[in-house]
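Chemist: Next come a sequence and a model predicted from it.
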Amino acid sequence: MTDFRAETRAWLEHNCPSAMRRPLESDADICWGGRGWEFHSDDQRNWLERMVSKGWTAPTWPAALGGGGLSAEQAQILSEEMARIDARKALDNFGLWMIGPAILKYGSERLKKQHIPAIVRGDIRWCQGYSEPNAGSDLAGLQTKAEDHGDHFVVNGQKVWTSHADKCDWMFCLVRTDPDAKKQCGISLVLFDMQTPGVKALPIKLISGSSPFCETFLDNVKVDKDQVVGEINDGWTVAKYLLTHERETIGAFGLKGPGGDPLGFTVRRVCGVTNGKIRNGGIRSDVARWDIDAKAFELTMQRVNEANSMQGVGNASAMLKLVGTELNKRRHEILMEAHGTDALNWGDGSPNGRAVARDWLRSKGNSIEGGTSEIQLNIIAKHILRLG
Amino acid sequence: MTDFRAETRAWLEHNCPSAMRRPLESDADICWGGRGWEFHSDDQRNWLERMVSKGWTAPTWPAALGGGGLSAEQAQILSEEMARIDARKALDNFGLWMIGPAILKYGSERLKKQHIPAIVRGDIRWCQGYSEPNAGSDLAGLQTKAEDHGDHFVVNGQKVWTSHADKCDWMFCLVRTDPDAKKQCGISLVLFDMQTPGVKALPIKLISGSSPFCETFLDNVKVDKDQVVGEINDGWTVAKYLLTHERETIGAFGLKGPGGDPLGFTVRRVCGVTNGKIRNGGIRSDVARWDIDAKAFELTMQRVNEANSMQGVGNASAMLKLVGTELNKRRHEILMEAHGTDALNWGDGSPNGRAVARDWLRSKGNSIEGGTSEIQLNIIAKHILRLG
Amino acid sequence: MSLVLTQEQSLMKQAASRLLQDHAPVSMQRSLRDMPDSRGYSQDAWQRMVENGWPAILVPEDYDGLNFGHVGMGQIVEEMGRQLSASPLFSTAVLAATVIDDVGDATLKADFLPRIARGEITMALAINESGQFRPNAVETTASLENSAYTVTGQKHCVIDGDGADYYIVSARTSGESTDTSGISLFIVDASQAGIAIKPQRFIDERNYANVEFASVNSGWSLGIEHEGWAALAHVTTVANAHLSAELLGVVQEAFERTLQYLKERKQFGVPIGSFQALQHRAATMWVEIEQCKSIVLAALQALDARDGDVERLVSAAKAKLSSVAELVTCEAIQLHGGIGMTDEFDIGFFIKRARALQTQFGGFHHHADRYATLSGY
Amino acid sequence: MSLVLTQEQSLMKQAASRLLQDHAPVSMQRSLRDMPDSRGYSQDAWQRMVENGWPAILVPEDYDGLNFGHVGMGQIVEEMGRQLSASPLFSTAVLAATVIDDVGDATLKADFLPRIARGEITMALAINESGQFRPNAVETTASLENSAYTVTGQKHCVIDGDGADYYIVSARTSGESTDTSGISLFIVDASQAGIAIKPQRFIDERNYANVEFASVNSGWSLGIEHEGWAALAHVTTVANAHLSAELLGVVQEAFERTLQYLKERKQFGVPIGSFQALQHRAATMWVEIEQCKSIVLAALQALDARDGDVERLVSAAKAKLSSVAELVTCEAIQLHGGIGMTDEFDIGFFIKRARALQTQFGGFHHHADRYATLSGY
């Protein structure tokens, strides 16, 4: 292990461009990949190509499928060594977080060979087709239909809240394959190319002014049956697995701002100081309260991850999603209060060069997307506490 | 009106003993009255006798029944003039707050003549028999039975949370008079003397160490039928009226401590000061938050009372009960934090001479007795917001 | 004082509600936002307000005003909060009218107040120099040249600052940069050269500007030189009472829309309003709003009564309304779910407007701190 | 460091749980309370703890200790929180052992630590002089007479102060009354004349006393004269880590009892745990307790690792546990309803013990303030 660490450190030292050794300034700095991806810089391109050559965009995936083939322990070392030099992720998208692991766990060999290497290389960018209009938190009430046409399905329906669907290449999509089955039964998870005839994605403008989500219309979309992940009519199993992943990802978002300044320092700088303390004692108290809660949450994420691999905690993703998103919302409320009227500016040329209000408004969606906070509380009450 | 104010002021000046012109130090200073009452002082006795002679222990009740016969406007003036000199209430008990108004509204002439003058004079102290073991918030599930024996009922059952039942003379009590009727139907409100054979009251010790409540056992208690308030089997109507009264009374309790010190001053004195501010900025911020909420609540009580007599607000008692009791609990949490380890002392000889912890523990019951906070929220949601 | 509206005040509130629903409803806020060269409000709607005498409400009768008081004006402002109606009423007929009536000499009053009352001019208060509300932090200077003052400096976040006819400007004539003494107030004619106006796009899409004064003629002195602080403190109190009244309107409307949504929206086959957890949250909001109604009315009454404790009561009102606005507007988004996050749906306008109102003239913690200080702890 | 217990630590926790359930359960807390002349704990239970080596856990092996570390001790303390078990473990084997090991010279260590490890003596920390936690506010004096120190002063809220064999006393040897320099620490033999012990009845019914020292022989000097502050700061950190661990136990047990009650208690014909509003509140408590588990373990680990940032982490833990304890114990009473208010039912013991633990060595706001200061804001 000492050898692996030393080798990794040396490789990173040699291969990670210095421009890639800075925390992200904003979401705009992420390398999402995909067919239409335009690299922001040669550094971004080089960094991706080098990491892909080692398979380290997906360190623990099988080397035969393009992954890094590392053990969990080695992957941890890689992650620590990258953190040590503030190295950015070379690639970051739904393929790596979500559908990739699901295909590896539930997909056929054919699907793995078709999709996994393309995800590792960043060739294909994926989006998720789960929510539907009028369904909201009630995923089991899914209405998008897939009609059986022998070797393929014909899919009709509408999806909402598909992240960046207008910029993505493929969708993993929940559809109802058995119209007579009840609720969660009769659902399948299918994959299709967004260029298939009949697929149309329209961006939704949010209250923050940005459009990270789309409405996606599916009009007689043909999907080959070999593009079903897991068993036909048993998509619910795969969907639950994916939801758990999504919860953890959303929960872990954004405890530090872009740029990584601790909240206390930002507030101190913005509000001013008396006797070494943030001038307004009430704001200072709110910051300390948040900071302590965030510290406990950070440690809880660590504990849950470690315990998962050792003694099993289970169902923890609902907790992480709930706490992470609520903390993120509180953080933005504090920032709005601290920045005063500067925070009201949309930030198109604000003195801070940072859109405090946009991030604040965007954060309100965190506790809605990927299962509302209310759904997480229901899950905890029913499945962990057995209240019912 | 100017005359009435002047006369009242002169009368109070002349008749209210100076020892009765100080805010109550604690509940122990209240004059509850009743058969076994022992006056704490001659001043307390004289003050009661003089007020009774004017009927001003119950200012708006009919003069023919011993009351003051004042108009609402005159009563308001009396109350203002008493407040002006910090005059204590000469008498304060469940008869005046609760069963008296109910008898005046729903009782027969016979009942009025029998009970009202005795309440005004403080001869009889009343307790309330509502809650039962295993019923809690679910008053309609009442199990105490009253069997019809012609001219009287025979009552069997058990009541809990009867305030000071061991020191009271009469009880107003909800009993089931029709065992076949559903829920709220078939209930009656009956009155009986606590000395009736078969009545036994045992004090319940609370977590605060005091025993303001009893369990009361009713074993073949004979109650004359003319002691029913309102119609037989329609006790629910009277009970609802009483509950509304009770909510308002509990809600209005205790926004100031005994002695009447504002919270901010107490905390300032106890915690110490830096630059004129309470030393710990977080505690100061909590005090300010509480203080502002309490100010809004005080104004809301005033607004609701005024609006009730003018444009009608309705159902407001659930709000007053909820907010008043939650504020009182928060106030005691702040006091516990501020007093540090001094607050842990039961106060039997503590340096402050005041039992901070006992009051804190007692306050936890405020949001349970007289309908829990959860019940108040249900009432608001269903009856005001029409969510169902 | 009785915490109930007089019949006259109630009627005015109802009339305001009708006028605003007809001529400055929520949908207009959206169209104004999508016309970026508007000045953030509709000229037509403003003219109707003028016709109804609204800008005259706080102006004394001697100066062609109605002298109808802060409670009356507050009812209108509350209704504007409900409809998210934009207009120069707050900047001109509340803030400017208050300062001029407070410290202007007879000539200034006779010159400006009737024109405000008749809706002929708009005026903007230029008193901020940073995002933090610290009206004592004045670095804009006014220097005497040939017995006339010349103003130089930059002002931030000037409400209705784009297109105002006059600015009321705070400038330092003596003392250090955060002293409360040494601040003087001036009325500056906006039509002069040397004034650079930079309109700012804020989240509530109203008219805001940063305004730079480069050796500009000060025009008229307002009140006693060097002693402008008391007038700034007074107009701050008045501002916060009316911001609280507007927040009360915003919060009530956001709550009522959310309540309606709880009754209509179905999940798992039933209206989401049948879930007890959401019922309790709705009930909690309703209770908090009732508290808000009481404290806003008391604050407005205290202004009319020139109550000695008005500053403390107004800070309590602003703090209370700010915290309840945060609660209710955040819950409004959360309970609307995904649709609440879309620009297409109106509920998002309420959280944005509320946040602007909360922040101007000091946010929750500014006022909680002030309340504690004024209470002696 | 991995936030998971080692197998050894887990086994010790299980063994502690069994021992305490058998010999120092919640019911014993009630009987001790009702025997006012007890010293707040059962001698029998304490002997069993001693037999199991618990007082030796923090003592180095050189002094007959087990050197099993704070994580190990924390597991036992957490289980004591669950059972509300009383014993001199905290005062003697955590606090006194820490101070002596920290700054005692070799002779003192050899004299005291083995006796602590073997459970032969009890010792109490006498460092408070008022209800506010300000260990720098020392007015007790120690004056040199014939090259020996004599201690005079009053100490408040001495945990296990009634019947202790020795006191560790902070006394001022130089400086002003709140200076951190000029404080010295002494071990005082409790059997001397001139020591007046006033037992105090606290809400958690443990052993507390106010102790007055009237020209008492100081016995042994602990550490460098005038420079006792660092040792006071260190023992404060250790104390708060273990108070947090005990709170974790109290809170878990109170929560689990409440959860059970929600499943059993019926109203309106169904278990009250089927009401969604109560489900969400229960879920919220569970989530908060999970956060507590993580931060308590991290704080104990940081003590064992002598982490440079341990003071800040412990303040975070104490603040977090204090606020969650307030939430959970208040909810426990409220959700139990009327029966929760009765002395007859055990749940009330948890809110009282929790409040004592929250308060000692500084409450929520003391530590939130400290956390902010140590974080540089």
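Modeler: All right, it came through fine.

Chemist: Every contact and neighbour count from this point should use C-alpha atoms.
Modeler: Fine.

Chemist: residues in the stretch 251-388 of chain A within reach of chain B, list them.
Modeler: Taking CA under 8 Å from any CA of the partner chain as the contact definition, the stretch 251-388 of chain A meets chain B at A:281-282, A:284-285.

Chemist: Where does A:Glu73 fall, secondary structure wise?
Modeler: Using DSSP states H and E, A:Glu73 sits within helix A:72-84.

Chemist: Buried residues in that helix, which are they?
Modeler: A:74-75, A:77-78, A:81-82 (16 or more other CA atoms under 10 Å in any protein chain shown).

Chemist: from those residues, which are also near chain C?
Modeler: Okay, of those, nothing touches chain C (CA under 8 Å from any CA).

Chemist: which among the residues you listed gets closest to B:Leu320?
Modeler: Proximity of the buried residues of helix A:72-84 to B:Leu320 (CA to CA) peaks at A:Met82, which lies at 57.6 Å.

Chemist: Now do the same contact list for that closest one.
Modeler: Applying CA atoms under 8 Å, 6 or more residues apart in numbering or on different chains, we find A:Met82 in contact with A:12, A:88.

Chemist: give the contact list for the residue of the stretch 151-300 of chain C found nearest chain D.
Modeler: As assessed by CA to the nearest CA, chain D sits closest to C:Ala277 within the stretch 151-300 of chain C, at 3.8 Å. Shown in contact with C:Ala277 (CA under 8 Å, 6+ apart): D:276-278, D:280.

Chemist: residues making contact with stretch A:365-374?
Modeler: A:137, A:161, A:243, A:246-247, A:250, A:321-322, A:325-326, A:329, C:334, C:337-338, C:341, D:280.

Chemist: hmm, the least confident helix or strand in chain C by mean pLDDT in reach of chain A?
Modeler: Taking mean pLDDT, DSSP states H and E as the measure, the helix or strand of chain C with the lowest value is strand C:266-267, at a mean of 89. Yes. Using CA under 8 Å from any CA, strand C:266-267 reaches chain A at C:266-267.

Chemist: what ranges do the strands span in the stretch 101-250 of chain A?
Modeler: For the stretch 101-250 of chain A, strands defined by DSSP state E, counting those that start in this stretch occupy the ranges A:126-129, A:145-148, A:152-163, A:170-176, A:187-193, A:199-204, A:213-224, A:228-229.

Chemist: Out of these, which is closest to chain C?
Modeler: Of all the strands of the stretch 101-250 of chain A, the one in closest proximity to chain C, counting by CA to the nearest CA, is strand A:199-204 (6.8 Å).

Chemist: Identify the neighbouring strands of that closest one in the sheet and state each direction.
Modeler: Its sheet considered, strand A:199-204 pairs with strand A:213-224 (antiparallel) by DSSP bridges.

Chemist: Quick one: mean pLDDT for the strand it pairs with?
Modeler: Averaged over strand A:213-224, pLDDT sits at 96.

Chemist: ok, and what's touching that strand?
Modeler: So strand A:213-224 is in contact with A:151-166, A:190-192, A:196-205, going by CA under 8 Å, 6+ apart.

Chemist: Now the buried members of those residues.
Modeler: Neighbour-count burial (16+ other CA under 10 Å) applied to the contacts of strand A:213-224 gives A:152-166, A:190-192, A:199-205.

Chemist: Enumerate every residue touching C:Ala356.
Modeler: So C:Ala356 contacts A:341, A:344, C:203-204 (CA under 8 Å, 6+ apart).

Chemist: Residues of the stretch 251-388 of chain A that sit close to chain C?
Modeler: Residues of the stretch 251-388 of chain A found near chain C (CA under 8 Å from any CA) are A:271, A:280-283, A:337-346, A:348, A:357, A:364-365, A:367-369, A:372.

Chemist: Which residues of the stretch 151-300 of chain A lie near chain D?
Modeler: Residues of the stretch 151-300 of chain A lying close to chain D by CA under 8 Å from any CA are A:264-265, A:268, A:276-278, A:284-285, A:288-289, A:292-293, A:295-297, A:299-300.

Chemist: Mark which of these are part of strands, please.
Modeler: Those of those mapping onto strands are A:277-278, per DSSP state E.

Chemist: circling back to that earlier point, of the contacts of C:Ala356, which belong to helices?
Modeler: Here DSSP state H is the test, and the contacts of C:Ala356 give no hits in helices at all.

Chemist: Would you format those residues as CSV with neighbour count and pLDDT included?
Modeler: Converted to CSV, the contacts of C:Ala356 look like this (neighbours: other CA atoms under 10 Å in any protein chain shown; pLDDT from 0 to 100):
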residue, neighbour count, pLDDT
A:Thr341, 26, 95
A:Leu344, 28, 94
C:Ile203, 25, 95
C:Asp204, 25, 96
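
Chemist: and the contacts of stretch A:365-374, which of them are in helices?
Modeler: By the criterion of DSSP H, membership of the contacts of stretch A:365-374 in helices covers A:243, A:246-247, A:250, A:321-322, A:325-326, A:329, C:334, D:280.

Chemist: so where do the helices sit in the stretch 1-150 of chain A?
Modeler: Applying DSSP state H, counting those that start in this stretch to the stretch 1-150 of chain A gives helices spanning A:2-15, A:42-54, A:72-84, A:94, A:100-106, A:109-121.

Chemist: Mind giving me the packing neighbours of the second one?
Modeler: With contacts defined as 3 or more CA pairs under 8 Å, 6 or more residues apart in numbering or on different chains; DSSP states H and E, the packing partners of helix A:42-54 are helix A:109-121.

Chemist: and the angle from the helix it packs on to helix A:42-54?
Modeler: 140 degrees (axes from the mean of the first three to the mean of the last three CA atoms, to 10 degrees).

Chemist: Contacts for the helix or strand following the helix holding A:Glu73, please.
Modeler: Following helix A:72-84 in sequence order, the next helix or strand is helix A:94 (DSSP H and E). Helix A:94 has contacts (CA under 8 Å, 6+ apart) with A:125-128.

Chemist: pLDDT on helix A:94, on average?
Modeler: The average pLDDT for helix A:94 rounds to 89.

Chemist: now do stretch A:318-333
Modeler: Mean predicted lDDT for stretch A:318-333 stands at 94.

Chemist: buried residues in it?
Modeler: A:318-333.

Chemist: Select the longest helix from the chain.
Modeler: With no chain named, the answer covers chain A. helix A:281-310.

Chemist: To clarify, I was referring to chain C.
Modeler: Per DSSP H, chain C has its longest helix at helix C:229-264.

Chemist: Check the burial of the residue lying closest to C:Val26 once chain neighbours are set aside by counting its neighbours.
Modeler: The spatially closest residue to C:Val26, leaving aside those adjacent along the chain, is C:Gln83, at 5.1 Å (CA to CA, 6 or more residues apart in numbering or on different chains). The local packing of C:Gln83 (other CA atoms under 10 Å in any protein chain shown) involves 25 other residues.
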